[in-house]
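[1] Pasting a predicted model and its sequence here:
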Amino acid sequence: MADPEAAEPAWPPWTSLLLRAMSRRRTWVALFLAVYAALLCSSWSLLASVRAWYYSASAAGPAAAAAAPAWPAALYASVMYGAVFGLLSMGAALAVAAPAMLVTWITVLVLLAFAGKPRRSLVDEGRRATRDIAGLALRVLLREGNAVAALCAAASFAALLLGRRDDDDAGVGR
């Protein structure tokens with residue numbers, strides 16, 4: 001018969017619950033959304049100042065609005081929106097990717113240690129693995145952030161120009 005005391009000690013209830021929750025994909029999605037929401041809340045004043053600048057630049061007066069085209073101010077504001085949202089998405093993705101990178105790095109080092117590598121060689125391989133993992137993660141973050149920035153910039157440019165055109169159409173009918 002198996003001795004119950006010789007069995008593996010059980011995890012405390014909160015630890016096993018946390019481990020089960022962190023192994024789910026929806027937990028990581030929720031973590032990503034929570035970090036993104038926190039970053040968005042903290043940068044809300046920057047977004048509001050870009051919006052206020054755009055509205056002040058586009059409402060300079062009826063004579064100035066007729067003489068100056070609307071697209072330069074909308075282009076500048078949309079580039080700023082795209083940059084802010086691109087940086088926010090990269091920050092949120094980094095917050096979620098950092099634990100995964102750490103697990104990958106530890107796994108590689110443990111496997112190299114079990115393969116019988118000498119200590120000096122293990123340190124060199126660890127440095128090389130760290131450089132490779134960090135480089136790959138940085139490239140992926142930049143690519144994803146640039147895609148989000150471009151998408152947000154294009155959407156905000158269209159929204160700003162269409163919103164101004166709607167405002168101009170509403171002002172003509174008075």
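    Ah, there it is.
[2] Nearest the middle, which residue of this structure would you pick?
    Centroid check for the chain by CA atoms, centre = their mean gives residue 89 as the closest residue, at 1.9 Å.
[3] out of everything not next to it in sequence, what's closest to it?
    residue 148 (4.2 Å; CB to CB, 6 or more residues apart in numbering). Every C-beta, even on glycine, is put in place using the N, C-alpha and C of the backbone.
[4] my guess is the one you found meets residue 87, correct?
    No. With contacts counted by CB atoms under 8 Å, residue 148 stays clear of residue 87, the gap being 9.2 Å.
[5] Which one's more surrounded, the two?
    residue 148 (19 against 15; other CB atoms under 10 Å).
[6] Next up, identify which helix or strand that one is on.
    Counting by DSSP states H and E, the element that carries residue 148 is helix 119-172.
[7] And residue 27, by the same measure?
    Counting by DSSP H and E, residue 27 is part of helix 25-42.
[8] Then residue 116?
    Assigned by DSSP H and E, residue 116 falls outside every helix and strand.
[9] Where does the prediction get shaky in this structure?
    Residues of the chain that meet the criterion pLDDT under 70 lie in 1-11, 15, 17-19, 21-24, 60-70, 164-174.
[10] how does it look with 50?
    Low-confidence segments of the chain, defined by pLDDT under 50: 1, 172-174.
[11] distance of the nearest residue to residue 43 once chain neighbours are set aside from residue 113?
    Take residue 43 and drop its neighbours on the chain: the residue closest to it by CB to CB, 6+ apart is residue 84, 6.0 Å away. In this structure, residue 84 and residue 113 are 43 Å apart, going by CB to CB, to the nearest Å.
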